[in-house]
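Peer 1: This is a predicted model, with the sequence first.
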Amino acid sequence: MAVLAVIPSDPLADYEDVGCHVWAQRYYNPNKYFEKVFLFSPKEKEEVFQYGMQTIPTRPRELRRRVRKHGVDIVRAYGGYWACDMAAKNKVRGVPVVVSVHDTNPEELYDSIRRADYVFCMSDVVRDLVLSRFPDPDKVWVLPNRYDESVMRPLANEDFSDLDEACPFRYRLICVGRLSEGKNQDTVVRALAHLGPDYGCLFIGRNDPGSLQTLADDLGVRAQCRFIKAVRNDLLPRYYNWAHAVVTPSRWEGFGIVFIEALACGAVVVTSNVRPMREYIAHEENGLLVDEYENPKALAETIERACNDEALRRRLKERAPGSVECFERGRVDALEVNYYRRILAERPFYANRRRHYERCFRRALKWIRRNTAPGEGILRSSLHRRPYPEVSGYFIPTLLALGDRKRAIQFARWLVGVQNEDGSWNGPRADEDPYTFDVGQVLKGLLAIHNILPEVQPALLRGCEWLVSRVAPDGSISTPSTGALELPDGSVVPEAFHLYALEPLAAVAEEFSRGDWAEAVARALAYYKQDPRLTDFGALSHFHAYILEALVDLGEAELASKAMDAVEALQREDGSVPAYANADWVCSTGVAQYALIWLKLDRPEPARRAFAWLCANQNRSGGFYGSCGEEANYYENAEISWAVKYFLDAHLRLAGAGDKGESRRSAAPCWRLR
């Protein structure tokens, strides 16, 4: 689990004043993603644990020491001004700095933003401002503000008599936001002079209202204005539901959470036709936008419509809540967590291991060269010196991704030459019956190369025809040979691992318009999905991973992802995963396969840890023993070829190059995730 340090621009006491402290824990640690959160700020007075965070008063020059001492993985500064300065000017090597920018005011975006590693922007208009100073657009991401749908919602049968008494007007307006030039409250006051005494406005926001009160006196509308310094956030829905219109014609906004919350409550919103408001408000669809927002008369005319046009009001109030669902807290929290995952996957920490990972990668390539049978395929292992059709087959896509076309063609031609007359291929020994699973893996290779080497196409189609013959009417898949499916500990490989043979069959069926083959794939998938224990970690990790990767490749990623949650819960600090759910020893291939599955599911952190374990347990030869640990019993003394295959697949996926080309350049450094 990772550790986060936050630097808020305001002291927590300010959030307590308006009731926002109640969601501080979730705000700073969305979905409880971080194991620990520290708040380092010079604006705090005492060290205390509150709202799920350890608050430690911290001056800028103390930040580096705090980050190192507490093992912080990410520093998050809220605001592009002094908090950005503090974080960006006191960076610790290997710990990325993320700065949130909330405003379009260029004066509140300091030049230190250039030193940040990533920038979160409240909206596209904020992103445009940031990109005027920040050099890398790929590291500037939009992260909008969010509302809590359990709090911000339409209220039925609510008693508003207390608000009616406080603001006794026929038409009730509220203007929410800090009293400032940017919120344009002065134009609202001027608009009241055009609207007349039936209209009253309740201004809710901090800062001194003196200048607005003076303006109201000069215009003769002081009696129509009410000012409240602050309202607790959880009470704001009462005001949004009570008012005839929420009127805040901002001159500029970074995001405008007031409008989102008001819309979620079903309020009629009147604001200025500027970004970002017009990014989520469509005029006369879910709100009203004013072009001449500096013109009191134009604003007054729009307010009058908002309060009196019943058909318009009804349409706006009905459509408003649904129009902002994308800003609901759960969705934005999930987006933020995904950003954190990407940052941790890319963090400079891995650059410090560049040479080590590069060495591991090149050792694995040498292992392949040393363990390829001349003119044939990949050898089974360091102790079993026979070429292995199954592994040679699914090695072909890996070789193509590495740019080793010559070896891939050699493997393919050898596989065509050893195909049986009925379209199958034999198992590890040439004299034993075929394994259905093995045939599927050979087909993966021939499918990957048939456009480069057309001569393999007849063998590919014959192999598919044979594979389809093994799918029974009920969808179960049988295999002529079963000997190798009995493991040393007495367990048997689950039949469902045959799902891993279906993906190439499905792809060939689509390419060659074989509906009968596609139907066989669908029938088999449906059959095995009926098993409620299909994804249980009850088999050796290597075979369990075959099932889960097959589900991902066959479009059942959600089912596989739930199973990978359980695998991640078993992952150890060193990145390894036990060979069985209750085992102490580790199967190397299983770890590599799990890394690959996590990457396919866009979950790079556990994949990184698994990959680090593989590098730490690679032999100097470049190979991997099948298992390690005191009770290990799966090829524990042999370097197996399929472990190298999945190690390289994980490397290619981490590099963002898997299945994307044949150039040797595609084997990009594995510490970079694009």
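Peer 2: Looks like it arrived, so ask away.

Peer 1: drop to CA atoms for contacts and neighbour counts, all remaining ones
Peer 2: Will do.

Peer 1: I'd like the next helix or strand past the helix or strand hosting A320.
Peer 2: In the assignment (DSSP states H and E), A320 maps to helix 310-323. The first helix or strand that comes after helix 310-323 along the chain, using DSSP H and E, is helix 329-346.

Peer 1: Show me which parts of that following helix are buried, residue by residue.
Peer 2: For helix 329-346, burial by neighbour count (16 or more other C-alpha atoms under 10 Å) applies to 329-330, 332-333, 335-337, 339-346.

Peer 1: Ok, stretch 232-240 next?
Peer 2: With burial defined by 16+ other C-alpha under 10 Å, the residues of stretch 232-240 counted as buried are N233, L236, P237, R238, Y239, Y240.

Peer 1: ditto for stretch 627-642
Peer 2: The neighbour-count check on stretch 627-642 (16+ other C-alpha under 10 Å) flags 627-628, 632-642 as buried.

Peer 1: what separates that stretch from the chain centre, distance-wise?
Peer 2: For stretch 627-642, the separation from the chain centroid amounts to 34 Å (computed by C-alpha atoms, centre = their mean, to the nearest Å).

Peer 1: any residues touching it, and which ones?
Peer 2: Residues from elsewhere that reach stretch 627-642, judged by C-alpha atoms under 8 Å, 6 or more residues apart in numbering: 368, 378-383, 391, 487-489, 584-589, 623-626.

Peer 1: The helix or strand where E605 lies - contacts with which helices or strands?
Peer 2: Assessed by DSSP H and E, E605 sits inside helix 604-616. Helices and strands touching helix 604-616, as assessed by 3 or more C-alpha pairs under 8 Å, 6 or more residues apart in numbering; DSSP states H and E, comprise helix 329-346, helix 588-600, helix 641-655.

Peer 1: just checking, next helix/strand downstream of it?
Peer 2: Following helix 604-616 in sequence, per DSSP H and E, is strand 627-628.

Peer 1: Partner strands of that following strand and their direction?
Peer 2: strand 586-587 (antiparallel) (DSSP bridges).

Peer 1: distance between the strand it pairs with and the chain's centre?
Peer 2: With C-alpha atoms, centre = their mean, you get 28 Å for strand 586-587.

Peer 1: just so I have it, where are all the helices in the stretch 251-400 of the chain?
Peer 2: Assigned by DSSP state H, counting those that start in this stretch, the helices in the stretch 251-400 of the chain fall at 257-264, 277-280, 296-308, 310-323, 329-346, 354-370, 389-402.

Peer 1: returning to that earlier point: turn the helices and strands packed on helix 604-616 into JSON lines, including distance to N619 and mean pLDDT.
Peer 2: Putting the helices and strands packed on helix 604-616 into JSON lines (distance: least, C-alpha to C-alpha, whole Å; pLDDT from 0 to 100) gives the following:
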{"stretch": "helix 329-346", "distance to N619": "25", "mean pLDDT": "87"}
{"stretch": "helix 588-600", "distance to N619": "12", "mean pLDDT": "97"}
{"stretch": "helix 641-655", "distance to N619": "11", "mean pLDDT": "92"}
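
Peer 1: of those helices, which approaches E568 most closely?
Peer 2: E568 lies closest to helix 588-600 among the helices and strands packed on helix 604-616, at 9.2 Å (C-alpha to C-alpha).

Peer 1: roughly how far out does stretch 145-154 sit from the chain middle?
Peer 2: Its chain's average C-alpha position is 23 Å from that of stretch 145-154, according to C-alpha atoms, centre = their mean.

Peer 1: Put the alpha carbons of it into PDB.
Peer 2: Provided in PDB are the C-alpha atoms of stretch 145-154 (Å, rounded to 0.1, in the frame of the first residue of the first chain):
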ATOM      1  CA  ASN A 145     -14.500  18.500  -8.500                       C
ATOM      2  CA  ARG A 146     -17.200  16.200  -7.200                       C
ATOM      3  CA  TYR A 147     -20.400  16.200  -5.200                       C
ATOM      4  CA  ASP A 148     -21.900  13.800  -2.800                       C
ATOM      5  CA  GLU A 149     -25.200  12.500  -4.200                       C
ATOM      6  CA  SER A 150     -26.400  11.400  -0.800                       C
ATOM      7  CA  VAL A 151     -26.200  15.000   0.300                       C
ATOM      8  CA  MET A 152     -26.800  17.100  -2.800                       C
ATOM      9  CA  ARG A 153     -30.200  16.000  -4.000                       C
ATOM     10  CA  PRO A 154     -33.800  17.200  -4.500                       C
END
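
Peer 1: How about residues contacting that stretch?
Peer 2: 122, 234, 237, 241, 255, 257, 260-262, 264-266, 321, 327-329, 332.

Peer 1: What residues sit buried inside that stretch?
Peer 2: The neighbour-count check on stretch 145-154 (16+ other C-alpha under 10 Å) flags N145, R146, Y147, E149, V151, M152, R153, P154 as buried.

Peer 1: Now flag whichever of the residues you listed is closest to L402.
Peer 2: N145 (42.6 Å).

Peer 1: can I assume the closest one sits in a strand?
Peer 2: No - under DSSP: H, G, I helix; E, B strand; the rest coil, N145 sits outside any strand and is assigned coil.

Peer 1: quick one, phi psi at A245?
Peer 2: Dihedral pair for A245: phi -150, psi 140, per degrees, to the nearest 10.

Peer 1: typed the wrong thing, it's V125
Peer 2: Note on V125: its backbone torsions stand at phi -70, psi -40 [degrees, to the nearest 10].

Peer 1: do R93 as well
Peer 2: The phi/psi pair for R93 (degrees, to the nearest 10) is phi -60, psi 130.

Peer 1: swap in A557?
Peer 2: A557 has phi and psi values of phi -60, psi -40 when expressed as degrees, to the nearest 10.

Peer 1: contacting residues around the nearest residue to it once chain neighbours are set aside?
Peer 2: Once flanking residues are discounted, A557 sits nearest to L551: 6.2 Å by C-alpha to C-alpha, 6 or more residues apart in numbering. Residues near L551 by C-alpha under 8 Å, 6+ apart: L499, A557, L559, A560.

Peer 1: Among those residues, which one lies nearest to V3?
Peer 2: Within the contacts of L551, the smallest distance to V3 is 27.4 Å, found for A560 (C-alpha to C-alpha).

Peer 1: Which helix or which strand is home to the closest one?
Peer 2: Using DSSP H and E, A560 falls in helix 557-570.

Peer 1: what helices or strands is that helix leaning on?
Peer 2: Counting contacts by 3+ C-alpha pairs under 8 Å, 6+ apart, helix 557-570 packs against helix 541-553.

Peer 1: now the helix it packs on: mean pLDDT?
Peer 2: For helix 541-553, the mean pLDDT works out to 97.

Peer 1: Give me the distance between that helix and the centre of its chain.
Peer 2: 22 Å.

Peer 1: how about the CA coordinates for it, as CSV?
Peer 2: C-alpha atoms of helix 541-553 as CSV (Å, rounded to 0.1, in the frame of the first residue of the first chain):
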residue,chain,number,x,y,z
SER,A,541,-1.2,-20.4,-9.9
HIS,A,542,0.2,-21.2,-13.3
PHE,A,543,-3.1,-22.9,-14.3
HIS,A,544,-5.3,-20.6,-12.4
ALA,A,545,-3.7,-17.7,-14.3
TYR,A,546,-4.5,-19.5,-17.6
ILE,A,547,-8.2,-19.4,-16.8
LEU,A,548,-8.2,-15.8,-15.7
GLU,A,549,-6.2,-14.5,-18.8
ALA,A,550,-8.5,-16.5,-21.0
LEU,A,551,-11.5,-14.8,-19.5
VAL,A,552,-9.9,-11.4,-20.1
ASP,A,553,-9.1,-12.3,-23.7
